[in-house]
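A.B. asks: no FASTA, just this:
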């Protein structure tokens, strides 16, 4: 029996973005630009290229600008059309999700990533779904979610994207206990949220991409607070191991942590150097700066 298609994606975007204060005081960190697009737009574009049809945003107070960004701006579109600024108009419209394909709900209390995903349960229903954490911007072709959906077609069940991290950094990630490895796929035998380096079962860290089965919501429903006194997604995913197939995908691509100031700056540099219209002048300016 073929696996159910992954049609829906959840974007948990309710966080306060305190690491980017004062810039994030009035502007959600997901709307901070990498080159000329907000971070959240890269995540939506990755999902669209992977064939996702429904986009669910779990927001919080002060995040209405995200909703505005993924809507028509009729006055601006009209002005660009009148002035024959066709490239600018196309850039506004080409990645706009289709009408009726975007939903928003609020995480009214900051109770953790697991709680944020649980808030989307009524939009997901009884279907497999993806989760993308926009802070993890990955420069990859095909995109990480496309790579995972290709793997899902073979394995079914649940999948997480992983990459190796230095052992001293395991305390900052969900870490998998690995089983058999075949190519880029590794069986997940266990999951630990932010283990101390000395007891971490591996250095394979979960990066912000998931394909999950709807049974996860039953576990999130009863889940008690875990690490950091928050409802951890990792803890509930671990309850599905042994009941459903569970694999980790070592994705191909370069990941930038845009929830971190240095990672955010590196993402801007990497993507600017990828742009034919910007790269020559940017490379020249960067070389001059590095000489000083």
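C.D. replies: Yes, it's here. Remember, it's a predicted structure, so these values are computed and weren't measured experimentally. Numbers count the residues shown, from 1 in each chain.

A.B. asks: Show me the helices in the stretch 1-150 of the chain, by range?
C.D. replies: 39-49, 64-69, 74-82, 86-93, 113-118, 121-124, 144-155 (DSSP state H, counting those that start in this stretch).

A.B. asks: The spatially closest residue to residue 239 that is not a sequence neighbour: neighbour count?
C.D. replies: Closest residue in space to residue 239, ignoring its immediate chain neighbours: residue 219 at 4.6 Å, by CB to CB, 6 or more residues apart in numbering. Bear in mind the C-beta positions are built from the backbone N, C-alpha and C, glycine included. A count of nearby residues for residue 219, using other CB atoms under 10 Å, gives 17.

A.B. asks: Same check on residue 212?
C.D. replies: 25.

A.B. asks: Might one say that it is in contact with residue 127?
C.D. replies: No. Look at residue 212 against residue 127 with CB atoms under 8 Å: they stay out of range, at 10.2 Å.

A.B. asks: just checking, the residue nearest to residue 239 is part of a helix?
C.D. replies: Yes. Counting by DSSP: H, G, I helix; E, B strand; the rest coil, residue 219 is located in a helix.

A.B. asks: tell me the contacts of it?
C.D. replies: 236, 237, 239, 240 (CB atoms under 8 Å, 6 or more residues apart in numbering).

A.B. asks: what about 10 Å?
C.D. replies: 114, 118, 233, 235, 236, 237, 238, 239, 240 (CB atoms under 10 Å, 6 or more residues apart in numbering).

A.B. asks: Correct me if wrong: the fourth one contacts residue 114.
C.D. replies: Yes. Distance between residue 235 and residue 114: 6.9 Å, which falls inside the contact criterion (CB atoms under 10 Å).

A.B. asks: Can you verify my assumption that residue 12 contacts residue 106?
C.D. replies: No. Residue 12 sits out of contact with residue 106 when judged by CB under 10 Å, with a separation of 11.5 Å.

A.B. asks: If anything else comes up later, I'll come back, but that's it for now.
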